[in-house]
Every structure is written in structure tokens, then in C-alpha cells.
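K.L.:
Got a predicted structure here, sequence first:
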Amino acid sequence: PPSDPAQMSEIGTIMGVFFEPGRTFEDLRRKPRFIIGSIIIALLVTAYGFGLAYKVGDSGMRSFIVEQIDKSPQTQGMSKEQKSDAVDMQMKIQAGVRYALPVFVVLSLLLGGLLYFLGTKAFGGTGGFLHSLSVWVYSTIPPAVVGTIGSFIVMAIKSADEIDIATSQRGLVQANPSMLIDGKAQPIIATLLGTFDIFMIWGWILAAIGLRITNRLSSGSAWGIVIILAVIGLLFRIIGAIFSGNPS
């Protein structure tokens, strides 16, 4: 257990991870904390989900769902009435998911913290689960804050017709090479290129710093954990792109 009390408040920790990540993670090593950070991330994700739905409107969301259903091989034999019922059902599901986003965010943070914890133990780390959870949360905050603010700015500038719902699930700011190709025509390549995203790399750097400090790991071990989990995440996104036909 930590031998020294925390020297920074949780609000101070949130500000510090932007400008002094090393000092911030040293303080999280003394006393892991994650509640305020998790709330901030949940609010950002939920606000973006509702903002995007409001921007494109029910008609835009319905058109997107119809497009997805029409290009699915499993729905080719469906009648117009069946497709209409499927669209209505998807609209209800999407509305419900938006309200449940905070729950999904919290569960994803807990899962991420668990994966970091298992990785650090495999590499001989000394920290506990709460240390790993703190690293996952606080390495997520800066990219989430800046990316969400940027997405809202783009949302305000662009018209609803210019927003591609399929490629905007992870944000409207294209900070990776996938912007150079047609994501709908080449979803797998777009997913691969999307891995080299500025915000994603920023989060990886913060996570490597955090894991090294809070778990007393070498830089190589910390980066090994981050890269392994990034590759696993990429494989899942590629599978999603194959089945959905959209970049993930």
C-alpha cells in the first residue's frame, strides 16, 4: 500500500496530467484515485453521443440504419415491412444506448484497468488494481477532453449532411491518415490507418509513463503492455470493420 499521502487533489491531478504527467502519476502511485476522472470521461462520451444524434436528427440516423441494413447480406430476403420494423427497432435501441452510455463507459474503464493490472503483473509490476485503473482513466482524460471539444467545434461548423455517421462514432476530428482514403470503400485499411491517431498515440504515451511510475516498471515493459493491448484492440476493430463494412 502507498506509504505517503497524496499531495494533489483529484481536480489538481486532472489538470496536472495535461502539463506534468510524471508528477501526476507519482502522486497517483501514492494514492490511486479515479472517481472524478471517470465521471468526466462518462460525461464527455455521453454529451458527444447526444450531440451527434441531435445534429444529424432522427432522419439522418434513420437513413444511416437503412443503409446498414440494405448492404447486409443477412437482410437481402427481408420484405419492406420487415426492414421497416428492423429500422424502428434499431432506432429504439440507439436511443436506449445513448442513455446507458455512462454505464458502458464505467464498465469499459474497469475492464481497461483490469487489463493493465494483468499486464503489469505479467511484467513484474508492483502496483495494485487501483493503480492500473488510475493509469487507464488519467491517460484517457487529455485525449478525451481535447478530442471532444474539437468534435463539438466541427459539429457546429459542418452541416448535418456533411457528417458521416459511420466514421464519426469515435469523433469528428480526423487526426490520422485514414482521412486520406475513402473509409467506406476500404474500411479495413481505414481502420489500420486510424490506429496512427494523434489522440490515440497521446493516450499511449501517457499510459506508458503512468504504468512505469505507478508500477515501478522499466520503460520497455510499460511500452510492451501498451503496445500488446493496442494490437489486441486493433484486431477487434478490424473484425468489426469486416462485419460492418465501416471503418472502426
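P.N.:
Here it is on my side, so go on.

K.L.:
Find out how far the longest helix seen in the chain is from the centre of the chain, if you would.
P.N.:
Across the chain, the longest stretch assigned as helix under DSSP state H is helix 80-122. Here helix 80-122 shows a centroid-to-chain-centroid distance of 11 Å under the convention CA atoms, centre = their mean, to the nearest Å.

K.L.:
next structured bit after that helix?
P.N.:
Once the chain leaves helix 80-122, the next helix or strand it forms, by DSSP states H and E, is helix 129-157.

K.L.:
Name the residues that touch the following helix or strand past that next one?
P.N.:
Using DSSP H and E, the helix or strand that follows helix 129-157 in sequence is helix 187-194. Helix 187-194 has contacts (CB atoms under 8 Å, 6 or more residues apart in numbering) with 167, 170, 176-178, 180-183, 234, 237-238, 240-242, 244-248. Where C-beta positions appear, they are placed from N, C-alpha and C, glycine not excepted.

K.L.:
what is the mean pLDDT for stretch 39-55?
P.N.:
In this model, stretch 39-55 has a mean pLDDT of 93.

K.L.:
Show me where this structure dips below the pLDDT cut-off.
P.N.:
Where the chain drops to pLDDT under 70, the residues are 1-6, 73-74.

K.L.:
residue farthest from the centroid of it?
P.N.:
Going by CA atoms, centre = their mean, the residue of the chain most distant from its centre is Ser79, 36.4 Å out.

K.L.:
how near is it to Lys184?
P.N.:
Taking CB to CB, to the nearest Å as the measure, Ser79 falls 26 Å from Lys184.

K.L.:
same question, Arg29
P.N.:
Computed as CB to CB, the Arg29 to Lys184 distance reads 45 Å.

K.L.:
same question, Trp136
P.N.:
Relative to Lys184, Trp136 is positioned 32 Å away (criterion: CB to CB).

K.L.:
So for the two, which residue has more residues nearby?
P.N.:
Shown here are Trp136 and Lys184; by other CB atoms under 10 Å, Trp136 has more neighbours (28 against 15).

K.L.:
Quick check: the more buried one touching Gly112?
P.N.:
Yes - here Trp136 reaches Gly112: they are 4.1 Å apart, a contact under CB atoms under 8 Å.

K.L.:
I figured Leu28 hits Gly12, correct?
P.N.:
No - Leu28 lies out of contact with Gly12 (CB under 8 Å); the separation is 11.5 Å.

K.L.:
Dihedrals phi and psi, Gly77?
P.N.:
Main-chain torsions, Gly77, degrees, to the nearest 10: phi -90, psi 0.

K.L.:
burial measure for it, as a count.
P.N.:
Here the count is done by other CB under 10 Å, and Gly77 has 7 residues near it.

K.L.:
can you check Ser218 too?
P.N.:
By the criterion of other CB under 10 Å, Ser218 has 11 neighbours.

K.L.:
hang on, it packs against Leu211?
P.N.:
No - Ser218 lies out of contact with Leu211 (CB under 8 Å); the separation is 10.2 Å.

K.L.:
For the most centrally placed residue in the chain, which residues are in contact?
P.N.:
Residue closest to the average C-alpha location in the chain (CA atoms, centre = their mean): Arg170, at 6.7 Å. Applying CB under 8 Å, 6+ apart to Arg170 gives the contacts Gly194.

K.L.:
same thing but 10 Å
P.N.:
Residues near Arg170 by CB atoms under 10 Å, 6 or more residues apart in numbering: 48, 147, 151, 176, 194, 197, 199-200, 237, 247-248.
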